[in-house]
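Asks: dropping a prediction and its sequence here:
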Amino acid sequence: MTAPLRPRLVLVGPPGAGKTTVGKVLARRLGVGFTDVDALIVERAGKPIADMFLHDGEDAFRALEREVVADALDTVDGVLALGGGSVLAPQTRAALRGHRVVLLTVGLADGLRRTGMSGARPLLAGVNPRATFKALLDARAPLYREVATVEVDTGRRSANQVVRAVLLALGEIPPDTPEPPADPANPLDVPTPHESTLLPHPVRATED
């Protein structure tokens, strides 16, 4: 009987931490595939996550999320990015034991800028998104750290700089590996100012 596949790396972190963008670059660097749990949920449900929250409620969404994460941890190979709220489930935190889990962190101001408070993130669409996001970060931080193997701050870093920090933290590259020169034409390679979106949108990201 063939053993189930196990992700090489699992990414966790709050909204705006760059899990999808960084995950895609990490997968390319490691020569493996990339899978986004949110995309799997949308595919299985047949509708956007915002619609699930609106029409089915958060409890129904979280139940489906738990199922999809459990399946992905058993069947997906490569780099797996979990949704920001996946760690809320004790079953998911227990299932992450034994996996290499990378926590990508983001500060309050940077997270707000990166998410843009779009309708695609229903938990952040309230009347006071700053207070909502701060409460979310405060509540989830211990849960992220409970499951994390390593923690990497994404603030004021380009996607490629974050990926290099992850690989160094995991021992995937030697500590004396020189940092390659930045390519100003590649958005994955250029740290953007603190006042703007820090990581490029994954749809617009160019290959490096």
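Replies: Everything's here; your move. Note that the structure is predicted; figures quoted are calculated from it, not measured. Numbers count the residues shown, from 1 in each chain.
Asks: which of the residues in the helix or strand where Ala135 lies are buried?
Replies: Using DSSP states H and E, Ala135 sits within helix 129-147. For helix 129-147, the buried set under the neighbour-count rule, 16 or more other CB atoms under 10 Å, comprises Pro129, Thr132, Phe133, Leu136, Leu137, Arg140, Leu143, Tyr144, Val147. Any C-beta I mention is one placed from the backbone N, CA and C, and that applies to glycine too.
Asks: quickly note the distance from the residue nearest to the fifth one when sequence neighbours are not counted to Val32.
Replies: Pointing back at Leu137 there. Leaving out its chain neighbours, the residue that sits closest to Leu137 by CB to CB, 6 or more residues apart in numbering is Pro14, at 5.7 Å. Pro14 is 24 Å from Val32, where distance means CB to CB, to the nearest Å.
Asks: then Ala50?
Replies: 30 Å.
Asks: thought Leu88 was touching Phe61?
Replies: No. The pair Leu88 and Phe61 does not pass the contact test of CB atoms under 8 Å, sitting 11.2 Å apart.
Asks: tell me which of these two has more neighbours.
Replies: Phe61 (20 against 15; other CB atoms under 10 Å).
Asks: quick one on the thing from earlier: which ones are touching the residue nearest to Leu137?
Replies: By CB atoms under 8 Å, 6 or more residues apart in numbering, the contact list for Pro14 reads Gly84, Thr105, Val106, Gly111, Leu136, Leu137, Arg140, Tyr144.
Asks: kindly reformat these as CSV containing distance to Pro7.
Replies: Output for those, formatted as CSV (distance: CB to CB, whole Å):
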residue, distance to Pro7
Gly84, 17
Thr105, 20
Val106, 22
Gly111, 24
Leu136, 25
Leu137, 25
Arg140, 21
Tyr144, 17
